[in-house]
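Colleague: following is a predicted model, sequence given first.
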Amino acid sequence: MTVVSGPHNIPEELAEYRPLLEQVHKLIEEGDYESGIAKLQKVARASGSEPLMNYLIEMRVQAFPKMAEKITPEPMFEANGLLGNADEVRARLDKDGYLFFRNIIPRERLQELRDQITQILADQGWIEGGAQQNLARAIRRPLREGQPQFFKAHDRIIKLEALHSLAHEPHLMDVMRQALGSSVFPHPLSIVRLIFPDSPELATPPHQDFPNNQGTPNLTAAWMPLADCAIEDGSLAVMEGSHKFGVLPLRFHLGAGNRRAVLNKDVLSCRWVGADFKMGDIVLFPAMTVHKAMENCNLERMRLSVDFRYQLEGESLTEGCLQPHFNRVSWDEIYRDWKSDTLKYYWRNKDYVEVPWDPTLHELPDDHVDEAYEQQLAYNIALTRRKESRASAGES
Ligand SMILES: O=C(O)CCC(=O)C(=O)O
Ligand SMILES: [Fe+2]
């Protein structure tokens with residue numbers, strides 16, 4: 001292993017880069033990992049020097065856990081006491097850019113969906129089946145969205161009636177009406193997250209939903225886990241008040257959506273808030289609010305959750321929000337085995353304005369392929385090292 005822990009350990013073969021590496025270490029010691037890595041990246045990529053590139057990757061491996069540690073969320077405000085007074089609910093949402101509620105969704109509805117998802121994951125060899133299935137204990141190397149093996153499970157899960165119908169669950173709809181208005185309806189784009197343990201590098205990074213969805217900026221997400229989900233299990237955190245600062249620029253990230261927002265000073269002055277979610281709790285947030293998943297530090301269990309997006313009739317949306325997530329399976333195929341017809345194509349009776357998708361809002365910088373390659377390499381190294389160190393600890 002290349003040691004990159006400090007400016008005193010710069011290897012001889014990198015002597016010519018010593019002044020640069022000293023500057024980089026200074027930034028990192030000051031806690032500014034992002035600038036330190038960006039500085040080294042620029043030179044390493046242009047240099048074609050393999051040792052310098054290795055140094056960069058190693059630095060990324062080692063900086064990652066330190067960067068993650070910097071976010072310790074404070075408790076979310078529990079808004080249950082506001083329910084029954086829609087004006088107060090809306091005022092709070094407008095002020096904080098999120099609403100957290102305890103115990104809204106009946107657990108049976110969540111458990112029914114969890115059972116169907118874990119059955120598919122067990123069939124696909126992702127998790128342990130049998131009596132332990134509900135624990136969703138991963139038994140394979142992590143997969144991330146977009147990989148062919150990922151879709152083997154996801155293409156089945158996306159067909160589940162219990163997934164799509166959950167977006168219309170009456171208690172959830174009641175809360176959404178109080179938060180947004182009486183004509184609120186969910187987009188059919190229902191999203192399920194299949195997050196592996198022991199992969200903090202894949203945790204959904206800070207981002208806004210607006211660039212992914214577009215249409216009305218009042219679009220509001222509801223996120224909920226399909227089991228109790230503490231902060232250490234990878235629950236959702238939001239930046240309180242971060243919805244007031246417009247659309248932020250994007251960079252590549254390995255986590256869900258492959259995009260992270262670049263946070264400016266205004267946004268960074270907002271505090272992160274989070275919660276140890278119990279099954280049935282939900283958090284709502286509009287499309288401009290910066291949010292992220294906490295790292296799933298659980299060494300065994302997958303974090304399974306869903307998120308739905310809601311808007312008022314008369315407001316705008318883009319066509320993609322009317323498609324199934326990843327748009328690989330048609331609605332007709334999805335509906336094939338459903339027991340009820342009432343929710344099929346329900347949005348066709350809703351009043352909304354379809355607006356064009358603006359690809360510039362979703363674009364990544366030109367260097368995103370280099371960035372993806374480096375992140376994947378650093379992640380593979382980190383994951384293998386964690387596994388090896390646990391294996392050797394287990395042996396000794
Ligand atoms: O669950 C996650 O990891 C990401 C959730 C998210 O970004 C969302 O619900 O908008
Ligand atoms: Fe999101």
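Modeller: Perfect, thanks for sending it. Numbers count the residues shown, from 1 in each chain. Ligands and ions are numbered 1, 2, ... in the order given.

Colleague: measure the residue nearest to residue 84 when sequence neighbours are not counted to residue 238 for me?
Modeller: Of all residues beyond its chain neighbours, the one nearest residue 84 is residue 178 (7.9 Å), with distances taken as C-beta to C-beta, 6 or more residues apart in numbering. In this view, the C-beta of every residue, glycine as well, is placed from N, C-alpha and C. Distance of residue 178 to residue 238, computed by C-beta to C-beta, to the nearest Å: 19 Å.

Colleague: same question, residue 261
Modeller: Remark: distance between residue 261 and residue 238 (C-beta to C-beta) = 12 Å.

Colleague: and these two? Which one has more around it.
Modeller: residue 238 (29 against 23; other C-beta atoms under 10 Å).

Colleague: next, the more buried one: secondary structure please.
Modeller: Following DSSP: H, G, I helix; E, B strand; the rest coil, the label given to residue 238 is strand.

Colleague: for it, list each beta-bridge partner.
Modeller: Residue 238 has the following beta-bridge partners by DSSP bridges: residue 273, residue 291.

Colleague: my guess is it meets residue 288, correct?
Modeller: No - taking C-beta atoms under 8 Å as the definition, residue 238 is not a contact partner of residue 288, at 11.1 Å.

Colleague: so for those two, which residues contact both of them?
Modeller: residue 97 (C-beta atoms under 8 Å, 6 or more residues apart in numbering).

Colleague: before we move on, the earlier item: tell me, what's touching residue 261 and residue 238 both at once?
Modeller: Here residue 261 and residue 238 share the contacting residues residue 290, scored by C-beta under 8 Å, 6+ apart.

Colleague: what sits against the residue nearest to residue 84?
Modeller: The neighbours of residue 178, taking C-beta under 8 Å, 6+ apart as the test, are 83-84, 86, 89-90.

Colleague: where exactly do the strands run in the stretch 151-300 of the chain?
Modeller: Here the stretch 151-300 of the chain has its strands, by DSSP state E, counting those that start in this stretch, at 185-186, 191-195, 220-225, 236-239, 250-252, 259-261, 272-274, 282-286, 291-293.

Colleague: of all those strands, which lies closest to residue 132?
Modeller: Counting by C-beta to C-beta, residue 132 lies closest to strand 191-195 out of those; the figure is 17.4 Å.

Colleague: any residues touching the closest one, and which ones?
Modeller: With C-beta under 8 Å, 6+ apart as the test, strand 191-195 has contacts from 117, 121, 126, 143, 150, 153-154, 157-158, 163, 202-204, 234, 256, 293, 296, 302-308, 325.

Colleague: the residues you listed also near ligand 1: which ones?
Modeller: 204, 256, 293, 305, 307 (C-beta under 6 Å from any ligand atom).

Colleague: okay, the second one: pLDDT?
Modeller: What that stands for is residue 256. On pLDDT, residue 256 comes in at 88.

Colleague: can you check residue 31 too?
Modeller: pLDDT for residue 31: 85.

Colleague: could you measure it against residue 70, distance?
Modeller: Taking C-beta to C-beta, one finds residue 31 at 7 Å from residue 70.

Colleague: with residue 395 instead?
Modeller: Going from residue 395 to residue 70 by C-beta to C-beta gives 33 Å.

Colleague: for residue 297, same thing?
Modeller: Distance of residue 297 to residue 70, computed by C-beta to C-beta: 15 Å.

Colleague: of these two, who's got more company?
Modeller: A direct count of neighbours by other C-beta under 10 Å for residue 297 and residue 70 places residue 297 higher, at 16 against 9.

Colleague: residues contacting the more buried one?
Modeller: Taking C-beta under 8 Å, 6+ apart, we find residue 297 in contact with 197, 200, 232-234.

Colleague: got it, and residue 61?
Modeller: Applying C-beta under 8 Å, 6+ apart, the residues near residue 61 are 378, 381-382, 385.

Colleague: ok, which pair from those is furthest apart?
Modeller: Within those, 378 and 385 form the most distant pair, 10.7 Å apart (C-beta to C-beta).

Colleague: higher neighbour count, those two?
Modeller: Each of residue 378 and residue 385 has its neighbours counted (other C-beta under 10 Å); residue 378 has more, 21 against 12.

Colleague: report the buried residues of the strand or helix carrying the more buried one.
Modeller: Per DSSP states H and E: residue 378 is located in helix 368-395. Of all the residues in helix 368-395, those buried under the rule 16 or more other C-beta atoms under 10 Å are 368, 371, 374-375, 377-379, 382-383.

Colleague: likewise stretch 163-179?
Modeller: Buried residues in stretch 163-179 (16+ other C-beta under 10 Å): 163-169, 172, 175-179.

Colleague: ok, back up a step: chain center to the helix holding residue 378: distance?
Modeller: Chain-centre distance of helix 368-395: 20 Å, with C-alpha atoms, centre = their mean, to the nearest Å.

Colleague: pLDDT of that helix, averaged?
Modeller: 91.

Colleague: now for it, which elements pack on it?
Modeller: helix 33-47, helix 50-69, strand 250-252 (3 or more C-beta pairs under 8 Å, 6 or more residues apart in numbering; DSSP states H and E).

Colleague: tell me the angle the second one makes with helix 368-395.
Modeller: Here helix 50-69 points in a direction 70 degrees away from that of helix 368-395 (axes from the mean of the first three to the mean of the last three C-alpha atoms, to 10 degrees).

Colleague: what angle do helix 50-69 and helix 33-47 make?
Modeller: Here the directions of helix 50-69 and helix 33-47 differ by 160 degrees (the same axes, to 10 degrees).
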